[in-house]
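Enquirer: Quick one: sequence plus predicted model below, questions after.
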Amino acid sequence: YETYTQPLWDWALDLLANPLLAPHFVWDVQCVFKHNGTEFEHLYNEPWTGDQWWDVQVCKFCFNIQLHN
């Protein structure tokens, strides 16, 4: 079998430099909720809707605010 490789960093930079793809990248965490008829449920449908991503990004943001005050 023939295989082709490309350094991961170069591949990521190529993706980010592509003007057709760049607008579709999600950088910020999102909390998505859906009403099931009686209450709201947290909807997990993409990596950036997960609790761990939220914890990392929000805690980092809060830490930065504390440093700058």
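Expert: Everything's here; your move.
Enquirer: what helix or strand is Thr3 on?
Expert: With secondary structure defined by DSSP states H and E, Thr3 is part of neither a helix nor a strand.
Enquirer: So Trp53 is in contact with Tyr44, correct?
Expert: No: with contacts counted by CB atoms under 8 Å, Trp53 stays clear of Tyr44, the gap being 10.3 Å. Yep, even glycine has a C-beta here, placed from its N, CA and C like the rest.
Enquirer: Mind jotting down where the helices sit in the protein?
Expert: 8-17, 51-68 (DSSP state H).
Enquirer: Run through the bridge partners of His42.
Expert: Judged by DSSP bridges, the bridge partners of His42 are Phe33.
Enquirer: coming back round to it: the helices of the chain: lowest mean pLDDT?
Expert: The minimum mean pLDDT among those belongs to helix 51-68 (a mean of 65).
Enquirer: Buried residues, stretch 25-32. List them.
Expert: Of all the residues in stretch 25-32, those buried under the rule 16 or more other CB atoms under 10 Å are Val29.
Enquirer: my bad, should have said stretch 29-45
Expert: Val29.
Enquirer: so how far is the first residue of that stretch from its last?
Expert: 12 Å (CA to CA, to the nearest Å).
Enquirer: And for stretch 24-32?
Expert: Span of stretch 24-32 from end to end, CA to CA: 18 Å.
Enquirer: Same check on stretch 2-12?
Expert: End-to-end span of stretch 2-12 (CA to CA): 23 Å.
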